[in-house]
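1. model the structure of this input:
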Amino acid sequence: MIIVKVPGINGLGRTKGTRNAGVKILEDFGSQYKYEEIHVDNFNLEEQESLIRKNAVKLFEEEDKVIFIGGDHSISYPLVDSFRKVHGNDFRLVVFDAHADCMPAMREPTHEEWLRALIENGWKGSDVLIIGLRKVEREEKEFLDIYGVKRISVEEIRYDSLKSIKWLRNFISRGKIYVSFDVDVFDPSIVKATGFLEEDGLREEEVMRLIDVIKEGSVVGFDLVEIDLNKGVKDVEETVRLARKVLEKFVEK
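-> A predicted model of the protein is given here:
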């Protein structure tokens, strides 16, 4: 296993504070792990995406599990696409996110379109699950419905948890798993250091329980994104604390 910092940003100028979140999260994280960084130029988006792809393919070929720390959610487009290139089509993508990220994609997809770009590039929508989605534009909902993207809402997790967990176990039971984790899936009462807060998010214990279920499957790829260090010091510290707990879950055996 290796932990890789990916300071990639493509948020139309609104995600600059996420660039060095990996440095903050990994302070004193543990000398027992292998670390690496993909050194990207945020001012050359084509080169940034190409460099992430090149390095990700190499890492997926060499390591049994790769953990990526962003950066904003745009990095997930080349990361997940590279994962598929190495591991084939028999795997599942689980996304923790308050947003669908399925607006019409730009040439180099931003953090608002990365998932749509993946699906339009040949990813099978029915192999994608979004957990905690609660802010979705009409155009995005139509896209999700057309392509059969699966969703588990906060309400389903909170008020019918047994059914949600049973459904999640079934979803991850086949193939390898890549997990993409946007910290805005948490409720804003506990995570404020991110760019686009949405009310009625998941609680800490709800997220940790879902992660435990996902880890019953074969998780071999993971990214953690959208921590904005330009927010208030107290907000950053609390967000980083929770982000580390999520990271610790995925590096555990």
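2. if I pick Tyr178, what's in contact with it?
-> With contact taken as C-beta atoms under 8 Å, 6 or more residues apart in numbering, Tyr178 is in contact with Leu79, Val80, Phe83, Phe91, Arg92, Leu93, Val94, Val219, Val220, Gly221, Phe222. From N, CA and C alone the C-beta is placed, and that goes for glycine too.
3. kindly apply the preceding question to Arg203 instead.
-> Phe186, Asp187, Ile190.
4. can you pull the pLDDT of it?
-> You'll see Arg203 listed with a pLDDT of 97.
5. kindly report the same for the one 10 residues further on.
-> Val213 carries a pLDDT score of 97 in this model.
6. what sits up against the helix or strand containing it?
-> Using DSSP states H and E, Val213 falls within helix 204-214. Helix 204-214 is contacted by residues 94, 96, 131, 157-158, 161, 165, 168-169, 172, 177, 179, 185-186, 190, 202, 242, 245-246, 249-250 when judged by C-beta under 8 Å, 6+ apart.
7. let's see which of those end up in helices.
-> Ile157, Arg158, Ser161, Ile165, Leu168, Arg169, Leu242, Lys245, Val246, Lys249, Phe250 (DSSP state H).
8. out of those, which is nearest to Leu229?
-> Leu242 (14.5 Å; C-beta to C-beta).
9. show me the strands in the stretch 51-200 of the chain, by range?
-> Here the stretch 51-200 of the chain has its strands, by DSSP state E, counting those that start in this stretch, at 66-69, 91-96, 128-131, 150-152, 176-182.
10. what would those strands look like in CSV with distance to Ile75?
-> Formatted as CSV, the strands of the stretch 51-200 of the chain follow (distance: least, C-beta to C-beta, whole Å):
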stretch, distance to Ile75
strand 66-69, 7
strand 91-96, 13
strand 128-131, 17
strand 150-152, 22
strand 176-182, 9
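11. can you check which of those strands gets nearest to Ala21?
-> Using C-beta to C-beta, the strands of the stretch 51-200 of the chain put strand 66-69 closest to Ala21, at 6.8 Å.
12. and the least confident of the contacts of Tyr178?
-> Among the contacts of Tyr178, Phe91 has the weakest pLDDT, 88.
13. low-confidence ranges in this structure?
-> Along the chain, segments meeting pLDDT under 70 are nowhere present.
14. wait, what's in contact with the most centrally placed residue in it?
-> Ranked by distance to the mean C-alpha position of the chain (C-alpha atoms, centre = their mean), the top residue is Ser180 at 2.2 Å. By C-beta under 8 Å, 6+ apart, the contact list for Ser180 reads His73, Ser76, Leu79, Val80, Leu93, Val94, Val95, Phe96, Asp97, Phe222, Asp223, Val225.
15. before I go, just wanted to say thanks for your time.
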